[in-house]
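I'd like to go over a predicted model; first the sequence, then the structure.
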Amino acid sequence: PSPKKGEVLVKVAYSALDTAFDEVAHRSFIPGSLLHNLKVKPLVAGWHYSGTVESVVAGVNNLKIGDAVFGHLQYASTTRQGTLADYITVLASECAKIPEGVAMDVAAAVTTEALTALQGMRDQGGLSEGKIILIIAAGGGVGTQAVQIAKAMKARTVHAVCSTKDVIKVGKLGADLVIDRAQKDITNDLEAGSYDVIFDTTGKYSFMKLRYALKKKGILVSTVPNVTTFPPVSLLIAISGKRSKSLMVRCNRKDLELVGTWMKSDEIHSVPIDNVYNIKDIQTARERQKDPKKSGRVVIKVGDGW
């Protein structure tokens, strides 16, 4: 592909699979059509990427040929490319240089999860220094990044909910309190009115069941939209002072650079990778992606992976 105004051509080194892959690969209308253009032929999936800038259009001043970059394509019906291809074109404003010392496979693995966590907590939840947050499913991809980012943002207290098998791991991420979901029913047993932000990275918990744990002006942020995040219900809920919000992550250079800074400073020190597969072994990788025993991101080596 040829880059247009404001774009660069990137030779993809690594990509990664995520839960959106099968929805697009199978051309399921909902949610597949919301994540990628399903009519484009050939349909190439993949959003995460790291790679090297191969060409730059006049007017792009922050990148040059040879720069190692990372990011992810937008989850949108207008997206026509896929990062399982050898080359992609991206806006220079939607990618960032990979910090020195960060491996390319790690850079490809971190993008969506870290930006989802950052934008969910900061932009939707209003998390800032001194606030108290509860992160649900802290052992998952988004949750792992959310715990580390909340600490990097200097939240006063970070509480994390996870499965029994992840309790030790989440504690090592920096959570001030780890709640084993097998031992406590968070829809009933949390301290009332204790959190400024509750970040549900699963999208499975209802606002009505968790609102009791929010402070008077607290916000529940979900990664999955639901009836409480849209008018008129969201407006009715807001009368109480508490709010319910959701997000769709957007890739942008500023946030990628911030994540990169935290990776370089070791404030983001854990980016779990389950395995790295050559793209010629994509079917094996897809099977691993579906395996409940998977622990971390399934990364695909695109460059020299054939």
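Perfect, thanks for sending it.

who's in contact with residue 75?
Shown in contact with residue 75 (C-beta atoms under 8 Å, 6 or more residues apart in numbering): 20, 34, 35, 36, 47, 248, 249. Yep, even glycine has a C-beta here, placed from its N, CA and C like the rest.

So which bits of stretch 48-60 are buried?
48, 49, 50, 51, 52, 53, 56, 60 (16 or more other C-beta atoms under 10 Å).

Considering these, which is situated nearest to residue 116?
Ranked by distance to residue 116 (C-beta to C-beta), the buried residues of stretch 48-60 are led by residue 48 at 11.9 Å.

Do I have it right that the closest one meets residue 88?
No. With contact defined as C-beta atoms under 8 Å, residue 48 does not reach residue 88; the gap is 11.2 Å.

all strands of the stretch 151-300 of the chain, in order?
Taking DSSP state E, counting those that start in this stretch, the strands of the stretch 151-300 of the chain run over residues 157-162, 177-180, 195-200, 214-222, 243-246, 273-278, 297-301.

how about a markdown table for those strands, with distance to residue 253 and mean pLDDT added?
As requested, the strands of the stretch 151-300 of the chain are arranged in a markdown table below (distance: least, C-beta to C-beta, whole Å; pLDDT from 0 to 100):
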| stretch | distance to residue 253 | mean pLDDT |
| --- | --- | --- |
| strand 157-162 | 27 | 98 |
| strand 177-180 | 34 | 98 |
| strand 195-200 | 24 | 98 |
| strand 214-222 | 23 | 97 |
| strand 243-246 | 24 | 96 |
| strand 273-278 | 24 | 98 |
| strand 297-301 | 22 | 97 |
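
returning to that earlier point: out of the contacts of residue 75, which is nearest to residue 151?
residue 249 (20.2 Å).

mind listing what the residue lying closest to the closest one once chain neighbours are set aside touches?
Spatially, and ignoring its direct neighbours in sequence, residue 249 is nearest to residue 116 (4.4 Å; C-beta to C-beta, 6 or more residues apart in numbering). Contacts for residue 116 were tallied using C-beta under 8 Å, 6+ apart; they are 142, 145, 201, 223, 247, 249.

got the angle between the host helix or strand of the second one and strand 214-222?
The reference is to residue 145. Secondary structure from DSSP states H and E places residue 145 in helix 141-152. Helix 141-152 runs at 140 degrees relative to strand 214-222, counting by axes from the mean of the first three to the mean of the last three C-alpha atoms, to 10 degrees.

Report the mean confidence score over helix 141-152.
The pLDDT scores in helix 141-152 average 98.

re the thing from before, would you reformat the buried residues of stretch 48-60 as a markdown table and include secondary structure?
Formatted as a markdown table, the buried residues of stretch 48-60 follow (DSSP: H, G, I helix; E, B strand; the rest coil):
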| residue | secondary structure |
| --- | --- |
| 48 | strand |
| 49 | strand |
| 50 | strand |
| 51 | strand |
| 52 | strand |
| 53 | strand |
| 56 | strand |
| 60 | coil |
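
now, which of those sits nearest residue 156?
residue 48 (32.0 Å).

Leaving out the residues flanking it, which one is nearest to that closest one?
Closest residue to residue 48 apart from its sequence neighbours, by C-beta to C-beta, 6+ apart: residue 16 at 3.9 Å.

distance of that neighbour from residue 38?
21 Å (C-beta to C-beta, to the nearest Å).

For these two, indicate the residue with more neighbours.
With neighbours defined as other C-beta atoms under 10 Å, residue 16 and residue 38 compare such that residue 16 has more, 31 against 17.

Sweet, I'm off.
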